[in-house]
Each structure stands twice: as structure tokens, then as C-alpha cells.
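Asks: Curious how this folds, go ahead:
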Amino acid sequence: MTDFTRIGVLGAGAWGTALAASLYSKQAAQKLDIPVWALEEDVAAALRDGAGNPVFLSGYDLPKMQASTDIAAMAGAQAILAVVPAQFARASFQQLAPHVADGTPILLCAKGIEQSTLSLMTDVLAETIPQAVPAVLSGPSFAADVARGLPTAVTLACADETLGKALMKGIGQPAFRPYWTDDLIGAEIGGAVKNVLAIACGIVEGLQLGKSAHAALIARGFAEMTRLGVAMGGRAETLAGLCGLGDLVLTCSSPQSRNMSFGLALGQGETVEDILAARNAVTEGVATAPALVTLARQKGVEMPISEAVNTVLSGETTVNDAMTALLSRPYKGE
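Replies: Numbering: from 1, shown residues only. All right, here's what the predicted structure looks like:
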């Protein structure tokens, strides 16, 4: 297959809506059919009416979309962008499975590790929709930027190069540039780990520890990310690209990131419970952190920054004590 004419979008949160809007901007030129599945009826209705997405991506002028809360609307899609949060992926994929034809590529756009099983999203997909072909879409991309049509570059990981390049052509355009790799594990690890590290960077900002500490945290966090990615079977060069270092720099550098803004609020003295209660969107790093540190221990990978974030999130320690513990670690070679 070289041309896609029907591409589904599973999930209408901020990122799913932005990806759908990007596809809809190609619709007139390429005659694309783009069904969008939303969990919430008010979101689906607003997208159908051309009222945008007031729940998850308010304030943006979006095209009218073919949106529905019936997951059967994905039937017949030649490719599907799966944009449901990682911790809800399994249940969503189980519902989706009867509507997916053999050999349909599913681009995994959520970034996280399943808490209950320590599974990556490719593993969850293989268990729930074995007839699908897995691909991963990950990289430095804020939903708001993509919704506005601002230039964005991402990694598209697919084991088959021919299919990967067809998918790049199907979803790419001048302002949204995918770059192909066959390293799905590296792409997944980069996306999952950077969310946890972004919480740490937010804490540093909230504690007003300075830009030097912020930069050091990004660099040492990238080392953690790379160690785990390689231990899992990914490649260091993948993690040095868009889906690893690129995404890490973006997510750790702007309060526009849900994960960094969460850490920022923690550093300023708010509680985990109060921050989450005030949000209607998922903060993936919070859910991923415990799974990440457990997985790292199983692999024998040292991830002190991620460990520190997890102790704060679980209430085992305070942000100040966690930072003191990090700064008190023995001196070592880089």
C-alpha cells in the first residue's frame, strides 16, 4: 500500500484533536476520509459542529470533523492514529479490535508505560489487536503548535521501511514532518521517560534552583533515558534524535507541557492530589513514574532522577528532601 485515503484518529484529547486537525488540512488536496473517535459526546458534538474542542483544546479554530463516540466508526480505516492515554490504551484497543482489518497499521501516539503490566504500548497492541501492524509516532510536539499549523518534526517508527515511508507520506506535510526509523523500542522509551523527567525539571523551576540546575537535570536525565532504552533493546542514536533528546528538551523547557507544569506546581508547594484535581487532561508522567522505576530495577538500570520523582509522587518524601538526596549522591564519572 502506498496511498492512504481513510485514516482514523482514536482519541480526541488535545493531541488527538491536533493530529486530526493536521490531517484535515490535507483533506481537500488528497480527498482523505478522517473519522475521529471521542470518548465524550460533548467533545464529539463540538468537533462535528465546527466549534473546536472546548474541553481539551480550547481557543483554536478547527475544521468540522467527522467525530463520533461509536468506536465502530474506525472500521475500514487503512491506518489508525491511536491517541488515547497510555493507561487507558488496553481497554480502548479491546473495543477497537473487532473493527481492525488484518495488516492495518496503528500508529501509537500515547507516551507511557502500562502500570499494571510494565508493558510498552507496542506490547499492549500486540496482545489486544494482534492483526495490526505497530508503528510509533513520537517527538517534540505541543498540541497547540500542531493545531496552529506551526512547524513540527517527529519520529515515525515502523519496522517495515516501505510501510513507514507510506505512513510518512500519508500524515506528513510541510509543517508536520515525520522522520522514519525502524527502532520502535527507542521511540517508545524516549516518549515515556521524558514525561517523568519533565516533572523533575518543573520541580527545579518551582524551587527556583536556577537554569544551571535545569540544564544539568536535562543532561543527566537524558543519560538515564539512554541507559534504559539500550537495556530494552533500543538504540542510543534513536534516543539522541527527535523522539528522545528532542522531545525531552521541549517537554522540560516550557510550562506548556502538562508534565513540567505539574512539577512546577509541586515545587511551589502544591500537593499531587490538588494539582490532579484541577486538571481535565491526563498528566502521563504521574502514571508512568512507578512503572518506569520498577521496569528500570528489573533491567538493572540506575535512574536516580526518575526514582526521586516517584518518591515525591508516592508521598515517600518531600520535594526538598528528594532534591537534597540527589545532590548528596557520591561523585562519579560522567
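Asks: Report the helix or strand with the lowest average pLDDT across this protein.
Replies: Across the helices and strands of the chain, mean pLDDT, DSSP states H and E gives its lowest value to helix 27-30, namely a mean of 66.
Asks: what about stretch 117-124, how long is it end to end?
Replies: Across its full length, stretch 117-124 reaches 9 Å between end residues, using CA to CA, to the nearest Å.
Asks: List the buried residues of it.
Replies: Judged by neighbour count using 16 or more other CB atoms under 10 Å, the buried positions of stretch 117-124 are 119-124. (Glycine included, C-beta is placed from N, CA and C.)
Asks: right, and out of those, which lies closest to Asp182?
Replies: Of all those, Asp182 sits closest to Thr122, with 12.6 Å by CB to CB.
Asks: element containing the closest one?
Replies: helix 121-128 (DSSP states H and E).
Asks: So the residue nearest the centre of the chain, which state does it fall into?
Replies: When CA atoms, centre = their mean is applied to the chain, the residue found nearest the centroid is Lys111 (3.1 Å). When the structure is split into helix, strand and coil by DSSP: H, G, I helix; E, B strand; the rest coil, Lys111 lands in coil.
Asks: repeat for the one 4 residues further on
Replies: Judged by three-state DSSP, the three-state class of Gln115 is coil.
Asks: Please apply the same query to Ile80.
Replies: Going by three-state DSSP, the secondary structure assigned to Ile80 is strand.
Asks: Report the contact partners of the residue nearest to it when sequence neighbours are not counted.
Replies: Closest residue to Ile80 in three dimensions, ignoring its sequence neighbours and counting by CB to CB, 6 or more residues apart in numbering: Gly8, at 4.3 Å. Residues in contact with Gly8, defined by CB atoms under 8 Å, 6 or more residues apart in numbering, are 34-37, 73-74, 77, 79-81.
Asks: Output those in TSV; the columns should cover pLDDT and distance to Ile171.
Replies: Supplementary listing: those in TSV, determined by pLDDT from 0 to 100; distance: CB to CB, whole Å:
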residue	pLDDT	distance to Ile171
Ile34	96	10
Pro35	97	15
Val36	98	14
Trp37	98	17
Ala73	96	19
Met74	98	16
Ala77	97	13
Ala79	98	8
Ile80	98	11
Leu81	98	7
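Asks: quick one: Leu125 from Ala46, how far?
Replies: Applying CB to CB, to the nearest Å, one obtains 29 Å for the distance of Leu125 from Ala46.
Asks: ugh, typo on my part, it should be Asn259
Replies: From Asn259 across to Ala46, the span is 26 Å (CB to CB).
Asks: ok, these two, which is more surrounded?
Replies: With neighbours defined as other CB atoms under 10 Å, Asn259 and Ala46 compare such that Asn259 has more, 26 against 22.
Asks: who touches the strand or helix carrying Val136?
Replies: Following DSSP H and E, the helix or strand that holds Val136 is strand 133-138. By CB under 8 Å, 6+ apart, the surrounding residues in contact with strand 133-138 are 81, 103-109, 111, 121-122, 125-126, 154-160, 163-164, 167, 171, 178, 184, 187-188, 190-191, 242-243, 247.
Asks: Could you check the angle that strand makes with helix 121-128?
Replies: Using axes from the mean of the first three to the mean of the last three CA atoms, to 10 degrees, one finds that strand 133-138 and helix 121-128 are set 150 degrees apart in direction.
Asks: In CSV, list the C-alpha atoms belonging to strand 133-138.
Replies: What follows is strand 133-138, C-alpha atoms only, in CSV (Å, rounded to 0.1, in the frame of the first residue of the first chain):
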residue,chain,number,x,y,z
VAL,A,133,0.9,-3.6,12.4
PRO,A,134,2.5,-1.5,15.1
ALA,A,135,4.1,1.9,14.5
VAL,A,136,5.1,4.7,16.9
LEU,A,137,4.7,8.4,16.4
SER,A,138,6.7,10.5,18.9
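Asks: For the next helix or strand after it, name the packing helices and strands.
Replies: Counting by DSSP H and E, the next helix or strand C-terminal to strand 133-138 is helix 143-147. Under the contact criterion of 3 or more CB pairs under 8 Å, 6 or more residues apart in numbering; DSSP states H and E, the helices and strands touching helix 143-147 comprise helix 14-24.
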